[in-house]
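> Please work out how this folds:
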Amino acid sequence: MFLNLFQQRNSGTTEPFYRPYKNEGSNHLYNLLFCDNVALLRKGSDEQKHDYDAVLSESTDRERLERIGNDLDVESRVRVVAFNRLRRMNVSVPRKRLLGAIVEVPQQAGLDVLAAFPDGRLRYINHSEKIAIFESTPPELIGKAEELLRVSQFIVNRYGPWNKTRLPPPTGNLMRMSFLVSDGLYFGQGSYADLMQDRFAPPVIKAFTELLLLLVDTALEKSDQATILVKKWSA
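Numbering: from 1, shown residues only. Just a heads-up that it's a prediction; the model follows:
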């Protein structure tokens, strides 16, 4: 059931890399969304590595990680990595600060994934492996993106983190909601019918659906605001 997955678990240490898509470019982007594979972050482009240098460096100390994690002007996913490292150092971190909401919906031909972050970044991977990347939220999407994060925070406030390794992508009729939070990964999943009977899931589903519809329209109409990767990456 959906709510049963919002529970404390034992710690896991494996860095996951899953392949829900046919090409490695899409799989790479998918796994980067969750900020839990340090090796993958270190293999990024020079620009990406520069963004993560401070939180990935072995010489970075607790004080610097805390400054980065608590800095609202830093990219949300960099802050996630900072808090992840602090927890591995057994340092206390702030609880329940939402830094990203990711919704996964399996389709017959693949997996739809939409991710929204408080810094305004949006990522969408279509089941056909077309990709939309927004480095800042277009004005027409801001309200819907903020609503998705708001209702996601409502769920985070009521449950605890999953402290095992991230599970493989959902398949079949399972829909999954994952939340990147200062004190760990929160998530829940279930069939659409079950989720719509849940106490807290429907507002997230509604906000996700409305944001997705607008995002796709905006990505198609405003290519200057989004990077649309239609070409298949070679394996």
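> From now on I want contacts and neighbour counts done on CA atoms only, so please keep to that.
OK.
> Just give me the longest helix of the chain.
If you go by DSSP state H, the chain has its longest helix at helix 201-221.
> separation between the nearest residue to S26 once chain neighbours are set aside and A101?
Ranked by C-alpha to C-alpha, 6 or more residues apart in numbering and with sequence neighbours excluded, the top spatial neighbour of S26 is E129, at 6.5 Å. From E129 across to A101, the span is 20 Å (C-alpha to C-alpha, to the nearest Å).
> Mind giving me the packing neighbours of the longest helix of the chain?
helix 139-156, helix 192-196 (3 or more C-alpha pairs under 8 Å, 6 or more residues apart in numbering; DSSP states H and E).
> Let me have those in a markdown table, extended by mean pLDDT.
As requested, the helices and strands packed on helix 201-221 are exported to a markdown table (pLDDT from 0 to 100):
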| stretch | mean pLDDT |
| --- | --- |
| helix 139-156 | 97 |
| helix 192-196 | 95 |
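> and those, which is most packed in?
Looking across the helices and strands packed on helix 201-221 with neighbours counted as mean count of other C-alpha atoms under 10 Å, the highest average goes to helix 139-156: a mean of 19.
> how far is it from where the chain is centred?
Distance of helix 139-156 from the chain centroid (C-alpha atoms, centre = their mean, to the nearest Å) equals 13 Å.
> just use 744 as the starting number from now, easier for me
Happy to do that; since the first residue is 744 now, the last one works out to helix 882-899.
> Tabulate the CA atom coordinates of the following helix or strand past it in PDB.
Toward the C-terminal end, the helix or strand that comes next after helix 882-899 (DSSP states H and E) is strand 917-924. The C-alpha coordinates for strand 917-924 follow below in PDB (Å, rounded to 0.1, in the frame of the first residue of the first chain):
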ATOM      1  CA  LEU A 917       2.400   1.400  -9.900                       C
ATOM      2  CA  MET A 918       2.700   5.100  -9.700                       C
ATOM      3  CA  ARG A 919       5.500   6.500  -7.500                       C
ATOM      4  CA  MET A 920       6.100   9.800  -5.700                       C
ATOM      5  CA  SER A 921       9.600  10.500  -4.400                       C
ATOM      6  CA  PHE A 922      10.600  13.400  -2.300                       C
ATOM      7  CA  LEU A 923      14.200  14.600  -1.900                       C
ATOM      8  CA  VAL A 924      14.400  15.900   1.600                       C
END
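> Strand 917-924 pairs with which strands, parallel or anti?
strand 841-850 (antiparallel), strand 927-934 (antiparallel) (DSSP bridges).
> Determine the angle, from 0 to 180 degrees, between that strand and helix 944-964.
Per axes from the mean of the first three to the mean of the last three C-alpha atoms, to 10 degrees, the angle that strand 917-924 makes with helix 944-964 is 90 degrees.
> just to revisit the earlier point, could you dump the helices and strands packed on helix 944-964 into CSV with distance to A858 added?
Listed next are the helices and strands packed on helix 944-964 as CSV, based on distance: least, C-alpha to C-alpha, whole Å:
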stretch, distance to A858
helix 882-899, 10
helix 935-939, 19
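> among those helices, which is nearest T914?
Closest to T914 of the helices and strands packed on helix 944-964, according to C-alpha to C-alpha: helix 935-939, at 12.5 Å.
> neighbour-wise, which of E872 and A844 wins?
A844 (29 against 23; other C-alpha atoms under 10 Å).
> pretty sure that one contacts F922?
Yes. A844 lies in contact with F922 (C-alpha atoms under 8 Å); the separation is 4.6 Å.
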